[in-house]
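In: fold the stuff below for me.
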Amino acid sequence: MYEAFFGLNRRPFSLTPDPDFLYLSKQHAVTLAMLEYGLGSQAGFTLITGEIGSGKTTLIRHILKHIGGDVTVGVITNTHRNFGNLLTWILSAFGLERKHTDKVEMYQQLIDFVATEFLQGRRVVLIVDEAQNMDVETLEELRLLSNMNIGDELLLQLVIVGQPELQQTLMRPELAQFAQRISVEHHITALDLAQTRSYIDHRIRTAGGHEGLFDLYASAVVYYFSRGVPRAINNICDMALVYGFAEEAKPITCEIVMEVIKSKRLIRQQAGRSERDSSDERLRQMVLEIKGIDMAEAD
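Out: Numbers count the residues shown, from 1 in each chain. The predicted model follows:
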């Protein structure tokens, strides 16, 4: 819709995780290093957590895109409270046709598959995304899978990804053995103001555009209301480009971003629930003094 007007070859702020747009902030670079270390060191469990929209799935897709041919990966993404039989989902993740309905026989089918991969020189990794939706019983069943080994060789590595409440679940006494098996653990934090501006410019460049399409104060307003969460940034920026296109405005200004914010009640509500600190107040005052816009009025 707006790509040609802004000199872009594709939408830079799609809400769908896309590894081509991966922005390696300090915290995302550390997370990627942790993932690579966990896979390379044959860690039994690697745990990655972060808020909704923090970039967890994008990092996983980046890993999948660049993983070596000596690794067989299965991915489970659609976990939910009524998840059902874990082994059924695992077999499906590895593209295996379920030969049995009995749990013991299904488990043996998985062991046979993993052992065959090992003998052929391939490591097997199971990635479970959105794992915060799993109940205690399912997580404990997942832990038992880490017992697969031949001598000192680990046959199945697990990468567990989820929202912060997953950490709370894993602190429960009945999951103590699970927590003790976690070799690599990292939590992704939100972007700061400078990183948010760099993130916006990075995605514009990746889409064929030029830095500065969002001016300094527009980026500040985006940060204030997104709290530095990548998905929220994308949501605001995509709509800001729509508004800019409709108004034939270049660059995107803080006034345009504020129009978007005023039209998005959910973003305002989420921003309003976030705790504000002194740096937020200084940012609000700066925009108010220089641009005459009080962001708190839309909070």
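In: got the contact list for residue 211?
Out: Taking C-beta atoms under 8 Å, 6 or more residues apart in numbering, we find residue 211 in contact with 201, 204, 205. No exception for glycine: its C-beta is placed from N, CA and C like everyone else's.
In: alpha carbons only: can I get the one helix or strand the first one maps to in CSV?
Out: Yep, that's residue 201 we're talking about. Secondary structure assigned from DSSP states H and E places residue 201 in helix 193-206. Extracted in CSV, the C-alpha atoms of helix 193-206 (Å, rounded to 0.1, in the frame of the first residue of the first chain):
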residue,chain,number,x,y,z
LEU,A,193,15.2,4.4,23.7
ALA,A,194,18.4,4.4,21.6
GLN,A,195,17.8,0.8,20.7
THR,A,196,14.3,1.5,19.7
ARG,A,197,15.4,4.2,17.2
SER,A,198,18.1,1.8,15.9
TYR,A,199,15.6,-1.0,15.6
ILE,A,200,13.2,1.2,13.5
ASP,A,201,16.1,2.4,11.2
HIS,A,202,17.3,-1.2,10.9
ARG,A,203,13.9,-2.5,9.7
ILE,A,204,13.5,0.5,7.3
ARG,A,205,17.0,-0.3,5.8
THR,A,206,16.2,-4.0,5.5
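In: quick one on the thing from earlier: buried ones among the contacts of residue 211?
Out: Buried members of the contacts of residue 211, counted by 16 or more other C-beta atoms under 10 Å: 201, 204.
In: want to throw the contacts of residue 211 into TSV with distance to residue 189 and pLDDT?
Out: As requested, the contacts of residue 211 are exported to TSV (distance: C-beta to C-beta, whole Å; pLDDT from 0 to 100):
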residue	distance to residue 189	pLDDT
201	20	98
204	23	98
205	24	97
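In: of the contacts of residue 211, closest to residue 94?
Out: residue 205 (37.1 Å; C-beta to C-beta).
In: can you pull the contacts of that closest one?
Out: residue 211.
In: what about 10 Å?
Out: By C-beta atoms under 10 Å, 6 or more residues apart in numbering, the contact list for residue 205 reads 12, 21, 211, 213.
In: the chain: helices as residue ranges?
Out: Listed in chain order, the helices found in the chain under DSSP state H are 3-6, 26-40, 56-66, 86-93, 103-119, 136-144, 165-170, 176-181, 193-206, 216-226, 230-247, 254-263, 265-273, 278-291.
In: pick out the shakiest of the ones you listed, pLDDT-wise.
Out: For the helices of the chain, mean pLDDT drops lowest on helix 265-273, to a mean of 72.
In: quick check: residue 56 touching residue 130?
Out: Yes - counting by C-beta atoms under 10 Å, residue 56 touches residue 130, with 8.9 Å between them.
In: look at the two and report which has more neighbours.
Out: When residue 56 is set against residue 130 and neighbours are counted by other C-beta atoms under 10 Å, the residue ahead is residue 56, at 23 against 18.
In: residue 232 against residue 190, yeah?
Out: Yes - the pair residue 232 / residue 190 is scored as a contact, 9.2 Å apart, by C-beta under 10 Å.
In: find residues that contact each of these two.
Out: 51, 53, 54, 223, 226.
In: can I get those residues in a markdown table with neighbour count and distance to residue 149?
Out: As requested, the shared contacts of residue 232 and residue 190 are exported to a markdown table (neighbours: other C-beta atoms under 10 Å; distance: C-beta to C-beta, whole Å):
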| residue | neighbour count | distance to residue 149 |
| --- | --- | --- |
| 51 | 19 | 34 |
| 53 | 21 | 36 |
| 54 | 26 | 33 |
| 223 | 26 | 47 |
| 226 | 26 | 44 |
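In: now render those as CSV, adding distance to residue 101.
Out: Shown next, in CSV, are those (distance: C-beta to C-beta, whole Å):
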residue, distance to residue 101
51, 38
53, 38
54, 38
223, 52
226, 47
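In: so which of those is the closest to residue 17?
Out: Once C-beta to C-beta is applied, the member of these that ends up nearest residue 17 is residue 53, at 9.6 Å.
In: centre-most residue in this protein?
Out: residue 56 (1.9 Å; C-alpha atoms, centre = their mean).
In: next, count neighbours for residue 99.
Out: The local packing of residue 99 (other C-beta under 10 Å) involves 11 other residues.
In: residues contacting the residue nearest to it when sequence neighbours are not counted?
Out: Spatial nearest neighbour of residue 99, chain neighbours left out: residue 109 (5.7 Å); criterion: C-beta to C-beta, 6 or more residues apart in numbering. The contact partners of residue 109, taken as C-beta under 10 Å, 6+ apart, are 87, 90, 91, 96, 97, 98, 99, 100.
In: can you tell me how far residue 109 is from residue 92?
Out: According to C-beta to C-beta, to the nearest Å, residue 109 and residue 92 sit 12 Å apart.
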